[in-house]
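Colleague: With the input below, show me the fold.
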Amino acid sequence: MAAATIPSMPWTSDSTDGPALSKRARYRRTRHSSSDSSDAGQFLVSNVKFRVSAPPALPLPIARGWNAECDLIRKHLGLRLEDVVEKVLSRIGIATEEGPSLTFRHVPDSTIGQVTVLVASDWEESSRIIWEEGVKQAKKFVDATVLAYSELKGVNIAVEIIAIELQVWSHIRAIPKTLSSPTLVTDWDVIRHKVDEILESHPATRNKFSNISLVRLGWWSGEYAERNPLTIHISLDYDSDETQWEPISEEIRQFTVQVSQHKFEVHMEHSSSDHYPGPQPLGKTTSHETGISEHAGFCRSIDRPYTKANLQPGDDLRPPYSTAVNLGGDLGLAPDPLGGGKFTLLGTLGCWIELKTVNKPTWTKYALTSYNVVRGTIKDPQDIMKADAQGISPAHAEKPLRLAEMESPGRTKHDYAVHVFRDLIEREVWPLDEIYKVTKPLESMEKFISEDRHLFGKIFAASGLGRRSPTNGRLDWALLKPHDPQRIGRNTLPTREEWEATGSICNAPPTSVRGGNLGEVPTTSLLATVGQGGSLYKKGAMTDATSGMFHGYPSIVRLVEDRGVQKSEEVSLFDGYGVKHTWQCAQNGDSGVVVFDHAGRAVGLLFGGQRHWAGRQCFVTPLHDVFEDIKAFSDGSVTAVRIAQD
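Modeller: Next comes the predicted model:
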């Protein structure tokens, strides 16, 4: 399990590849397929399966909203644009689902977008030809209408027709045990590697995919999700030209017909994979300024009493910080006391483990998390490159690295907690004679930070980016040595109250496991231990106590930093679903979390995931592989590894 070759330079804003390019590509419009002209001048048209737009559209997923330009258009034109477009499309035989609508189509969490007259319609084989003609005619009428009003000078309004299939919310799920079979397992072993080969043979997809997975994908949800078809789900970078996807998709589908009796759909989309330590702003004090919002899950990173929007006198306001950091606690990069840093990371302390070494044969406790949670503590760029390529062995103490401290609570948690308490004071929610019930906890939190009690420890050993398991799975782990023994916490699993707080009590593990201690790592494989479609559980710094469905059909994965190195093959967790609702398994901030089974046994380490249009997929490394790699990486100095005994 030697380290793979790593690119010679880390990704930077000047790189020609990696995150910077991916971000620019996110805002790049689809390549045009034709052009035409209106009273406003020439315009370009993009025409891909299920979607035609003038000017060319931004890549999906795209949000719908409303902005100042929409207000201006509505003020002067009322519903005239929608009426004009509907008449034009009706004349050439394009039926609309609910009629055209004016909207601001924008990249999610961004103001970059286009005011658009949007039309949803049924897709048919002839749609590409007739839709393009409809978009061109509608665009000409829209431009002529807008030019008649001097108040709308400079306003450019797009016309887009999109298939209803892309408007309906779809669901991505693990394959349930009842639909899994030995032949499907065997077929997928052949198919996924052929899909990889096909994608690498075409310029539009070569070195541009991030995930190849076998899933159930469709519009059925809840108890009916098993009706969704088997789908080869391919996620591609935003710089992949989607106008070239259709023949590639057909080539893949034809191959599956030749080698398998199972029927597969092929789905290709733009989306991104990433690690799950979440980058969070520093030095802000309000939820609006930091982007910390309840829907994003940040409120879950603080004890429940502090996340209520309606805190009232009499509520429990115990100080939320404790010296000991337990399983699922949050970790962050301690800000440089000299300044200069704008962001920290929020990650999760997976659990406490114990090592025996040749030089220290007694059990010693260390915190287990993901390498990407701690990577930012390496100060020297040359050391970062070396650590990425070779990892950090316990022997680095012989030639000390310049390492920053990790902290707990993370600065994101602290900033939000302080904001909540200050807001309570400013709104005068508490009577004056009881205001001390708010000010005392606030003073306690700020004192915890000012006295450096939040400082946790530094890297003892870490995997780097290139290590792989015997099954080519990613080995992404780090061990932290706490600088103060009092910071060593317990491996206590979530209690009933914690499951209830996240609304996940119906999906919680058996009662005997709740509030118990994390169990030892099984020696059997993750698939043999859990079973395809089985439930796994976790407690993360971001989403707290949640569960997910285990998916043992390996995905071929290439994270951003994997460009130029070996792809990995990962088992995963998908968001769970029930009869009435779905629930999110994990998100940014949960990296490093340890997942456990129905018996409370530690079975995996979550390090990253894929943000699909239809839901999240979380990648999990079997914990048995992690423990074996810790021993192998130490060159014999680590003789034994186990879950810490409380």
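
Colleague: Return the helix or strand in this protein with minimum mean pLDDT.
Modeller: Every helix and strand in the chain was compared by mean pLDDT, DSSP states H and E; the lowest is helix 287-290, with a mean of 28.

Colleague: Show the subsequent helix or strand relative to that helix.
Modeller: Later in the chain than helix 287-290, the nearest helix or strand by DSSP states H and E is strand 330-333.

Colleague: Need the contact partners of that next one.
Modeller: Under the contact criterion CB atoms under 8 Å, 6 or more residues apart in numbering, strand 330-333 has outside partners 280, 301, 325, 341, 344-349, 367, 369, 373-374, 376-377, 404, 406-413, 456, 480, 541, 589, 592. Every residue, glycine included, has its C-beta placed from N, CA and C.

Colleague: how about the strands of the stretch 501-646 of the chain, start to end?
Modeller: With DSSP state E, counting those that start in this stretch, the ranges of strands along the stretch 501-646 of the chain come out as 535-540, 544-557, 568-577, 582-583, 594-596, 602-612, 615-622, 638-643.

Colleague: Would you convert the ones you listed into JSON lines that also reports mean neighbour count?
Modeller: Supplementary listing: those in JSON lines, determined by neighbours: other CB atoms under 10 Å:
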{"stretch": "strand 535-540", "mean neighbour count": "26"}
{"stretch": "strand 544-557", "mean neighbour count": "24"}
{"stretch": "strand 568-577", "mean neighbour count": "24"}
{"stretch": "strand 582-583", "mean neighbour count": "16"}
{"stretch": "strand 594-596", "mean neighbour count": "28"}
{"stretch": "strand 602-612", "mean neighbour count": "26"}
{"stretch": "strand 615-622", "mean neighbour count": "26"}
{"stretch": "strand 638-643", "mean neighbour count": "17"}
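
Colleague: what separates Trp477 from Asn372, distance-wise?
Modeller: The spacing between Trp477 and Asn372, counted by CB to CB, to the nearest Å, is 10 Å.

Colleague: correction: Leu58
Modeller: Distance from Leu58 to Asn372, counting by CB to CB: 29 Å.

Colleague: Could you do Gly473 as well?
Modeller: Distance of Gly473 to Asn372, given as CB to CB: 16 Å.

Colleague: Could you pull up phi and psi at Val115?
Modeller: Note on Val115: its backbone torsions stand at phi -70, psi 130 [degrees, to the nearest 10].

Colleague: That one contacts Ser101, doesn't it?
Modeller: No - the pair formed by Val115 and Ser101 falls short of the contact definition of CB atoms under 8 Å, at 11.5 Å.

Colleague: Those two: which is more packed in?
Modeller: Set Val115 next to Ser101 and count neighbours by other CB atoms under 10 Å: Val115 wins out with 22 against 16.

Colleague: OK, contacts around that one?
Modeller: For Val115, counting by CB under 8 Å, 6+ apart, the contacting residues are Asn67, Glu69, Cys70, Ile73, Leu102, Thr103, Phe104, Arg105, Val155, Asn156, Ile157, Ala158.

Colleague: Within the helices and strands, which one has the nearest residue to Glu97 once chain neighbours are set aside?
Modeller: Sequence neighbours aside, Ala120 is the residue nearest to Glu97 in space, at 4.4 Å (criterion: CB to CB, 6 or more residues apart in numbering). In the assignment (DSSP H and E), Ala120 maps to strand 113-121.

Colleague: Follow the chain on from that strand and name the next helix or strand.
Modeller: Counting by DSSP H and E, the element that comes right after strand 113-121 along the chain is helix 127-147.

Colleague: Okay, angle between that next one and strand 113-121 too, please.
Modeller: Taking axes from the mean of the first three to the mean of the last three CA atoms, to 10 degrees, one finds that helix 127-147 is oriented at 130 degrees with respect to strand 113-121.

Colleague: and helix 127-147, what does it pack onto?
Modeller: Packed against helix 127-147, as judged by 3 or more CB pairs under 8 Å, 6 or more residues apart in numbering; DSSP states H and E, are the following elements: strand 34-38, strand 41-48, strand 51-54, helix 68-77, helix 80-91, strand 113-121, strand 158-163.

Colleague: Tell me what angle that helix forms with helix 80-91.
Modeller: Computed with the same axes, to 10 degrees, the direction of helix 127-147 lies at 150 degrees from that of helix 80-91.

Colleague: Please renumber the chain so that the first residue is 269 from this point on.
Modeller: I'll keep to 269 as the first residue from here, and by that count the last item is helix 395-415.

Colleague: Which positions in helix 395-415 come out as buried?
Modeller: By neighbour count with 16 or more other CB atoms under 10 Å, helix 395-415 contains the buried residues 395-396, 398-411, 413-414.

Colleague: Outside of that helix itself, which residues are in contact with it?
Modeller: Contacts of helix 395-415 with the rest of the structure, by CB under 8 Å, 6+ apart, involve 301-302, 304, 306-308, 311, 313, 315, 317, 320-322, 341, 345, 348-349, 352-353, 356-357, 360-362, 385, 389, 420, 423, 425-429, 431.

Colleague: who's more crowded, Trp745 and Asn640?
Modeller: Higher neighbour count among Trp745 and Asn640: Trp745, with 30 against 24, using other CB under 10 Å.

Colleague: Would you agree that one is in contact with Ile898?
Modeller: Yes - if you go by CB under 8 Å, Trp745 and Ile898 touch, sitting 7.0 Å apart.

Colleague: so who does His300 touch?
Modeller: For His300, the contacting residues are Leu312, Val313, Ser314, Pro323, Pro324, by CB under 8 Å, 6+ apart.

Colleague: Identify the residue spatially nearest to the last one, adjacent ones excluded.
Modeller: This means Pro324. In space, Pro324 is closest to Ser314, 3.5 Å off (CB to CB, 6+ apart).

Colleague: Please read off the pLDDT at that neighbour from the model.
Modeller: The score at Ser314 is 95. That number is its pLDDT.

Colleague: which residues touch it?
Modeller: For Ser314, the set of contacting residues under the criterion of CB under 8 Å, 6+ apart consists of Arg297, Thr298, Arg299, His300, Ser301, Val320, Ser321, Ala322, Pro323, Pro324, Ala325, Thr511.

Colleague: With pLDDT and distance to Pro709 added, can I get those residues in JSON lines?
Modeller: Formatted as JSON lines, these follow (pLDDT from 0 to 100; distance: CB to CB, whole Å):
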{"residue": "Arg297", "pLDDT": "90", "distance to Pro709": "50"}
{"residue": "Thr298", "pLDDT": "89", "distance to Pro709": "52"}
{"residue": "Arg299", "pLDDT": "90", "distance to Pro709": "56"}
{"residue": "His300", "pLDDT": "90", "distance to Pro709": "58"}
{"residue": "Ser301", "pLDDT": "91", "distance to Pro709": "61"}
{"residue": "Val320", "pLDDT": "96", "distance to Pro709": "57"}
{"residue": "Ser321", "pLDDT": "96", "distance to Pro709": "53"}
{"residue": "Ala322", "pLDDT": "96", "distance to Pro709": "57"}
{"residue": "Pro323", "pLDDT": "96", "distance to Pro709": "54"}
{"residue": "Pro324", "pLDDT": "95", "distance to Pro709": "54"}
{"residue": "Ala325", "pLDDT": "92", "distance to Pro709": "50"}
{"residue": "Thr511", "pLDDT": "91", "distance to Pro709": "57"}
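
Colleague: Sketch out the low-pLDDT regions of the protein for me.
Modeller: Of all residues in the chain, those with pLDDT under 70 make up the ranges 269-291, 437, 542-588, 604-613, 663-668, 829-833, 844-851.

Colleague: And it, what are its domain boundaries?
Modeller: 299-434, 451-540, 558-750, 761-893 (automatic domain parsing).

Colleague: which one of those has the most crowded surroundings?
Modeller: domain 761-893 (a mean of 21; mean count of other CB atoms under 10 Å).

Colleague: What's the end-to-end length of that one?
Modeller: Across its full length, domain 761-893 reaches 22 Å between end residues, using CA to CA, to the nearest Å.
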